[in-house]
Every structure is written in structure tokens, then in C-alpha cells.
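Asks: Sequence and predicted model, in that order:
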Amino acid sequence: MTPLAIELPVTADDRRIARLAALAIGLTLAEAALPSPLPGVKPGLANIVVLLVLLQYGWRAAAWVSGLRVLAGGLLLGSLFAPGFWLSAAGALVSLAILALARHLPNRYFGPVSLSVLAAFGHIGGQLALAGLWLLPGAALIKLLPVFAAAALIFGAVNGIIVARMLAAPAADKRPPPGIGADGAQAPERTRNT
Amino acid sequence: MLLRAGDVGVLLGGGVLVVALTLWAWSGDRGDTAVIRAAGQVVQTAALTHAQTFSIKGPLGTTQIEIEPGRARVAADPSPRQLCVKQGWLTLSGQAALCLPNQVSLEIRGRAPAYDTLGY
């Protein structure tokens, strides 16, 4: 038998993105179990990971983590390519686009809370835009707009404060938990490129 | 430092946006149906879900009714003073545009009628 000799070169970057995406996917799954009064109103805990990745490793890595999160989340929740998946993808796309612009805001005045709130509005905006154009055309969604916007503001602010606290925490607290960081990859260098 | 100056601004801006959306979306009863009458008889009932136009014949000529998601208007009318055209877009339940010379009317209805009856 000839041994299979397909080897894909894996860089440390890939490992890091995979590790962080797994974290985001885990949060997505945990969050899916939370009861919600309205479909679409969720804390968006995975965005904490995306935001941390954005602030520490740049927009490209954040886009990868967010994209993998949407794709694998869809797979694991059984909603791959269902309407909910496309809504999620649209929200993630708009949110990433907004983050791409917002990360150039002066760092001195705009911290993680700003980015988180803007990203949350991007999420809900992208989802509602697609839902309004595709699933529920007409005036049906207008009545729900304030509810979604208020949820985005509150959860965005809370997530942003969590991110700010995590970034401000002493370095000892920032080590990844043993289960996640124990794959032999070197410790990620801390470059803040915002 | 958790909150920087700009963060407070973004939060305030978000709050203003939420309040504005609330006022905009929850003020009044937004209609979902357009009822078009000619000479007192209902000739068309259309849901305000997608763009469409209707041409209604009256004694003076043709009245054009334009419907878009969530709103409707009289786009053109042969009447001399153009009052119903100048009313512009109608969105709330109970609003109506009357083209009296051409005997055509456009009325918006919501889930709960704003009035039991209207006499013109």
C-alpha cells in the first residue's frame, strides 16, 4: 500500500486562526442554546473573539475567524445554507466591512467598545437588510427595528466592555487555557496593530 | 480605561439611533393595504408589499396610483388643482388622498382601522 502523502503546509498563523475560530464556534454553539424572545436577538459572544483577534492580529485574521465561525456554526447547528445561515453570513459580512473602516478610527478616542457597538449594528443591519429584501419584503420588519437596534446597542456595549477588560487584564490572565494552547504552537506575539 | 471619549460618543449616537428608530417605527399605525375607489366603488385592493402601479379610469381621464413597500401615492391625476398628487406618499392607516374631480380615492388601511367610517 502506498502511504498517502498529501501534506498541507500549516503555518503558525493557520494554527492560531483555527484555535481562535474554534473558540468562536464554541461560543456560537453555547449561545444557540440560550432561549431568545425574538430570533436574531442574541448576545453575539463570538464577536468578543472576533474583536480580540482584530485588535491583536489584524483584520485579515478576524475575517478568517468570523467566516469560519459562520460556516462551521452552520454545519454544527444544522442550518448550513438555510435562511438563518445566510442571515448570519450577511451580518458577519457587513460587520467585518464596518470593522475594516472603524479600526482606522483614532485609537486614542475610540476603544473596543466603539468597535463592538459598530460591529453589532453592522450585524443586525446586514441581517435585517437581507431579511427585508429576501425573506420578508414590505413593512413587516419595520416594527421590529427598534428592538433589534436596542439589542445591538446593549449587547455591543457589553461585549465591548468585556473585550476592553480582557485587553487590560495583566498578561498572566491572557494565556490561553491549557486545552486550547497546548498544541505546540509558539505563544502568539502580541502586536497591536490598531 | 474601559471607555474613551469616542466610545461615549458612539454609545450616545447608538442611543439616539434607537430612539429615532422607535419614534419612526412605532408612531402611528403603519398601513399595510391600499384601497382604491372609483366613483365610490372599490376597484382595487393592494397590499403594500411590493412596487406596482394602477391606472384608474375616471370621468376626466386616468389617475395613476403608485404603490411601494410600506407606502402609496397618487402619482398623476387629471384634476385641475392636483391636490391628491400634492399630498405625496401615504403611510399611516386612515390616511387618504381624494381626487374629487376624477372621482378616484386612495386610502391606506392597517390591521386596526383608524376610523369606523369616513364620509366625504
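Replies: Received it, and whenever you're ready, just let me know what you need. Numbering: from 1, shown residues only, chains lettered A, B, ... in the order given.
Asks: Give me the secondary structure label for A:Gly26.
Replies: helix (DSSP: H, G, I helix; E, B strand; the rest coil).
Asks: Neighbours of B:Val18, how many?
Replies: 21 (other C-beta atoms under 10 Å in any protein chain shown). Heads up, the C-betas are built off the backbone N, CA and C, glycines and all.
Asks: Hmm, I typed the wrong one, I wanted B:His50.
Replies: B:His50 has 11 nearby residues by other C-beta under 10 Å.
Asks: helix, strand or coil for it?
Replies: coil.
Asks: Could you pull up phi and psi at B:Gln33?
Replies: Careful, residue B:33 is Thr and not Gln. Note on B:Thr33: backbone dihedrals following degrees, to the nearest 10 are phi -140, psi 140.
Asks: do you know how far it is from chain A?
Replies: B:Thr33 sits 11 Å away from chain A, going by C-beta to the nearest C-beta, to the nearest Å.
Asks: so who does the nearest residue to that residue once chain neighbours are set aside touch?
Replies: With C-beta to C-beta, 6 or more residues apart in numbering or on different chains as the criterion, B:Thr33 has its nearest non-adjacent residue at 4.5 Å, and that residue is B:Arg109. Listed by C-beta atoms under 8 Å, 6 or more residues apart in numbering or on different chains, the contact partners of B:Arg109 are B:31-35, B:93-94.
Asks: A:Ala129 now?
Replies: Contacts here follow C-beta under 8 Å, 6+ apart; on that basis A:Ala129 touches A:90, A:94.
Asks: Helix or strand: which one has it?
Replies: Using DSSP states H and E, A:Ala129 sits in helix A:112-130.
Asks: Show me the domain layout of chain B.
Replies: B:1-28, B:33-109 (automatic domain parsing).
Asks: What is the end-to-end distance of the longest one?
Replies: End-to-end distance of domain B:33-109 (C-alpha to C-alpha, to the nearest Å): 5 Å.
Asks: Which pLDDT value does the model give the residue nearest to B:Thr33?
Replies: B:Arg109 carries a pLDDT value of 86.
Asks: Next: B:Val8.
Replies: 93.
Asks: any idea how far it is from A:Ser114?
Replies: Going from B:Val8 to A:Ser114 by C-beta to C-beta, to the nearest Å gives 9 Å.
Asks: repeat for A:Ala168
Replies: Taking C-beta to C-beta, one finds A:Ala168 at 15 Å from A:Ser114.
Asks: B:Leu48 now?
Replies: B:Leu48 is 37 Å from A:Ser114, by C-beta to C-beta.
Asks: rewinding a little: and A:Ala168 and A:Ser114? Which one has more around it.
Replies: More neighbours surround A:Ser114 than the other of A:Ala168 and A:Ser114, with 26 against 12 (other C-beta under 10 Å).
Asks: The more buried one and B:Asp7 touch, don't they?
Replies: Yes - between A:Ser114 and B:Asp7 there is a contact under C-beta atoms under 8 Å: 4.8 Å.
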